[in-house]
Structures are given as structure tokens and as C-alpha cells.
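Student: sequence and predicted model, in that order:
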Amino acid sequence: MNTSYNDSLHRLGRIACSAALVLIIMVPLTVSMRYDIFPPFRNFIGGFFQAVMIYLPISIAEFLTFVPILGSGAYLAFITGNLTNLKIPCAVVAMENANVKPATDEGEVIAILAVASSSITTIMIIFFGMLLIFPLMPLLNHEYLKPAFDNVLPALFGALGAYFFIKHWKLAVSPLLFSIVAAFIIIHLTGIQFSSIQGLLIPILGGISVVSALALYKKGWIKKEDVE
């Protein structure tokens, strides 16, 4: 990729992320200043550090895991959010269909286009959803549809995961078995909600995937062409 173009892309991404951070902070700050409803400082600090303890490890894990996949597209992805359940699947499927690899110039371009397309699509859906939410509210809250909406994310990741599990089933066995065992232990033995720590499991499962892949490769059970 052209060096000047790459540098300008990263410079624009840093400026956009900084501006987005300022705007995000300005919303609650402006409301507090306008209506003079500042929270007590002690309560604010306590809640702030509780949130930091939960989300800081998750944020670091997502950064280390997703940036190599998205490249420069990570700037837009982190600004618009929904990385795990939207941006990453879109980027991975787009690169797969385009026959390009992550961490390459071609893969980075495809990832940027995929993230931008998914962001535009999400904004359009949210816009029309705001217009239609009230007329559709009785239908969406119907008791017969609740099980379907409760399983949207599992269905999404199941469909995406099944494709890669079938294509690279040897690489999927170890992290899949570890996920099942970890979920059983966490849910049934510790009582901790699995969803509250699933972000922390991302780098762990990534490490297990790498270690198991290296072990299988050294034993000759998989070859380079098996993962291409």
C-alpha cells in the first residue's frame, strides 16, 4: 500500500477517534452543565472505577485481537461499535469471499469497505427502526416472538462459526472444546454469568487456537494449504 496514503489514513483515523471521544464525553457533560445535575464526586469515582475494572481488560483484549484483522478499518469499527457481533463477522466474510488475507494491503482495503458498509447499513436500519418502533411495538413484544429475539446472537454466531468449523474443523476442535468446558465450569460451578467475562476469554481462546494449530502443524496433522 502506498506509504503516504497509509500514513494519511492512520492520521485521519486518529483524528476521528479523538473527535469521537470528545463528543462522547461532551454529551453527558453538556447535559449536566445545562441542568446542573452533576453526580456526587464520590459516587461518580466509585462507578467509574467499577466500569473500568470490567471493561478495561475486555477493551485491551478486543484491541489486540481485532486490530490485526481490521487494519485501518479498526478506527471506524471502534467508533461505530458492535465489533464482536457485526463488524468482525462482516470483515471476515468479506475477506473470505474476496480471497484475501488479514494483515495484507488487499485484506485491509476489503476490511475497511466491509466495516463502512456494515456501519451504513446499521445506521439505515436504526433510522427506519426509530420511525417504525411504535407501530411495531405490539408485534415485537409478543410472547410468541420473544424466544426468537433471545436467540438472535447465538443464531448469528452459530451460522458464521459453522462455516469456519466445517472448513477448518481440525483447528476448531481445541478452542471449541475449551469453550464448552469453560462455560460449564463458569455457569454451573462458580455462578458467574458467562456473558460478563466472555470478552476476557477472547485472547485466551485465541492463544489456545494458536498453540493447538502449532502443535497440529508440528505433528503433520495439518498443512499450510489446509488453512488457506
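Tutor: All right, it came through fine.
Student: okay, which residue is most central for this protein?
Tutor: Nearest to the mean C-alpha position of the chain, by Cα atoms, centre = their mean, lies Thr84 at 2.0 Å.
Student: surely it and Ser59 touch.
Tutor: No - if you go by Cβ atoms under 8 Å, Thr84 and Ser59 don't touch, sitting 12.0 Å apart. To be clear about C-beta, it is placed using only N, CA and C from the backbone, and glycine gets the same treatment.
Student: check what pLDDT the residue nearest to the centre of the chain gets.
Tutor: On pLDDT, Thr84 comes in at 79.
Student: I'd like to know how far it sits from Ala91.
Tutor: Taking Cβ to Cβ, to the nearest Å as the measure, Thr84 falls 12 Å from Ala91.
Student: and if you look at Gly206?
Tutor: 16 Å.
Student: neighbour count for the two, which is higher?
Tutor: The residue with more neighbours, out of Gly206 and Ala91, is Ala91; 29 against 14, by other Cβ atoms under 10 Å.
Student: which residues touch that one?
Tutor: Residues in contact with Ala91 (Cβ atoms under 8 Å, 6 or more residues apart in numbering) are Ile69, Leu70, Gly73, Ala77, Ile110, Ala111, Ala114, Val115.
Student: right, and the helix or strand after the helix or strand where it lies?
Tutor: In the assignment (DSSP states H and E), Ala91 maps to helix 88-97. Moving toward the C-terminus from helix 88-97, the next helix or strand (DSSP H and E) is helix 105-140.
Student: any idea which helix or strand comes after that next one?
Tutor: helix 146-150.
Student: now the angle from the helix or strand just after that following helix to helix 88-97?
Tutor: As assigned by DSSP H and E, the chain's next helix or strand after helix 146-150 is helix 152-167. Helix 152-167 runs at 30 degrees relative to helix 88-97, counting by axes from the mean of the first three to the mean of the last three Cα atoms, to 10 degrees.
Student: and helix 152-167, what does it pack onto?
Tutor: helix 88-97, helix 169-184 (3 or more Cβ pairs under 8 Å, 6 or more residues apart in numbering; DSSP states H and E).
Student: need the least confident one among the ones you listed, by mean pLDDT.
Tutor: Taking the mean pLDDT of the helices and strands packed on helix 152-167, helix 169-184 comes last: a mean of 81.
Student: which helices and strands sit right next to the following helix or strand past that one?
Tutor: Once the chain leaves helix 169-184, the next helix or strand it forms, by DSSP H and E, is helix 198-218. Helix 198-218 is packed against helix 41-70, helix 169-184, with contacts defined by 3+ Cβ pairs under 8 Å, 6+ apart.
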